[in-house]
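>>> attaching a predicted model along with its sequence, questions to come.
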Amino acid sequence: MDQLIALLEHAGWSVAIPPSSEHSRAAPDLVIHQGPHRYAVELKTEAEGRPDRVLALLSQAILQASRYAASMNMQPLAVVLVGSASSSLRQKFAEFQRNYAPDVAVGLLSDAGSSLFIGPGLAGLDREESRAHRMGKPAQLRKATNLFSDLNQWMLKVLLAPELPDRMLHAPRGKLFSGSDLAQAAEVSPMSASRFLRGMQEEGFIENSAGPLRLVRREELFRRWQSEAMRSSPELRMSYLVPAGGMRQLLKLAARLDACIGLFAAADLLKLGHVNGAIPHAYVRRLSPPLGKDWPGVVPSAPGEPPQVIIKQANAP
């Protein structure tokens, strides 16, 4: 609540807390006005920022704010406060308002400092989270995706099935164009299929085109699959403070960390590039706390933000 009040007052809005709201739900959380605009505000909070939970809370806030606003001759404003608001969440939030409640003003506010408001007179409240805001935050170790878990191996077989005779592989057959198609064919959850395809794309094993899903770099894929002994190792998903710095920043980072540039980024540097758009990797001897405190030019990627470089602990010297 305090964060929302501070944002509104900084933008020149007059803010009041209706007395009855302290003891009952017969009034909105806040009443605000600026010029001709008067809003009854209902605020909900969601720590994780998961789209399914955020949109459910937004729906509830829209209903309550609309009821309060009607009785007070005001406009409704439904606000959800989240821990972190990814660009994907912001997009889904705006689409929900546009499709289901175009006459209700809404706001999405994050602990990280970003905000998105839609409604008359509210445009001045929008804020983008700066990369500098994340400079002091510790980076979190993340286990690399296990492409060959039991579930993922089953989905690989579903992708391969149309190319093999029934006697060799018993699996559903058909053209698959998306994660939802794969989830339906393999009878797995959409989240599992989406996570699997994202991991395959990051490793360069799925062709990213408008056609059906197609496996590429198969010799390497099958070698990895056969030798499941390859251990996953910790990694950090990072973003550059200067987004356009690219390879120049990666080289500086590798020199500072005594790191080895690997995979497709190494191929590019050796003039052997054959895959475009892959996330560059830098291998270090060991990832251990404190993580990223003195690393130049990079900060932890925000939740839901695609990383610009992955710093990975090597499995071997």
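Done, it's in.
>>> surely residue 80 touches residue 56?
No - using Cβ atoms under 8 Å, residue 80 is not in contact with residue 56, being 9.7 Å away. To be clear about C-beta, it is placed using only N, CA and C from the backbone, and glycine gets the same treatment.
>>> give me the more crowded residue out of these two.
Neighbour count, other Cβ atoms under 10 Å: between residue 80 and residue 56, residue 80 has more, with 26 against 14.
>>> can you tell me what sits against the longest helix along the chain?
As assigned by DSSP state H, the longest helix anywhere in the chain is helix 51-72. Defining contact as Cβ atoms under 8 Å, 6 or more residues apart in numbering, one finds that helix 51-72 is touched by 25, 27-28, 31, 39-46, 74-80, 82, 88-89, 92-93, 96-97, 100-101, 104, 106, 108.
>>> I'd like the average pLDDT over stretch 286-299.
The predicted model assigns stretch 286-299 a mean pLDDT of 70.
>>> report pLDDT for residue 164.
So, for residue 164, pLDDT stands at 91.
>>> show me what contacts it?
Applying Cβ under 8 Å, 6+ apart, no residues contact residue 164.
>>> distance of it relative to residue 158?
According to Cβ to Cβ, to the nearest Å, residue 164 stands 11 Å off from residue 158.
>>> pretty sure residue 172 contacts residue 158?
Yes - with contacts counted by Cβ under 8 Å, residue 172 reaches residue 158, the gap being 5.8 Å.
>>> ok so, going back, please pick the buried ones from the contacts of helix 51-72.
The neighbour-count criterion (16 or more other Cβ atoms under 10 Å) marks 27-28, 31, 39-44, 46, 74-80, 82, 89, 92-93, 96-97, 101, 104, 106, 108 among the contacts of helix 51-72 as buried.
>>> quick one: mean pLDDT for stretch 212-222?
Mean pLDDT, computed over stretch 212-222, is 90.
>>> ok, and what's touching it?
By Cβ under 8 Å, 6+ apart, the list of residues contacting stretch 212-222 from outside reads 156, 159-160, 175-178, 181-182, 197, 200, 204-207.
>>> which parts of the stretch 1-150 of the chain are strands?
Using DSSP state E, counting those that start in this stretch, the strands of the stretch 1-150 of the chain run over 14-16, 30-34, 37-46, 75-82, 105-110, 115-118, 142-143.
>>> circling back to that earlier point, joint contacts of residue 172 and residue 158?
Common contact partners of residue 172 and residue 158 (Cβ under 8 Å, 6+ apart): 185-186.
>>> those two: which is more packed in?
Of the pair residue 172 and residue 158, residue 158 is the one with more neighbours under other Cβ under 10 Å, namely 23 against 14.
>>> quick one: which helix or strand includes the more buried one?
Following DSSP states H and E, the helix or strand that holds residue 158 is helix 150-160.
>>> buried residues, the following helix or strand past that helix. List them.
Downstream of helix 150-160, the first helix or strand assigned by DSSP H and E is helix 179-186. Across helix 179-186, burial judged by 16+ other Cβ under 10 Å covers 179, 181-183, 185-186.
>>> report all helices and strands that helix 179-186 contacts.
helix 150-160, helix 190-202 (3 or more Cβ pairs under 8 Å, 6 or more residues apart in numbering; DSSP states H and E).
>>> what residues does the first one touch?
In other words, helix 150-160. Contacts of helix 150-160 (Cβ under 8 Å, 6+ apart): 146, 148, 169, 171-172, 176, 182, 185-186, 188, 192-193, 196, 199, 213, 215, 225.
>>> drop anything exposed from those residues.
Among these, those buried by neighbour count (16+ other Cβ under 10 Å) are 148, 171, 176, 182, 185-186, 188, 192-193, 196, 199, 213, 225.
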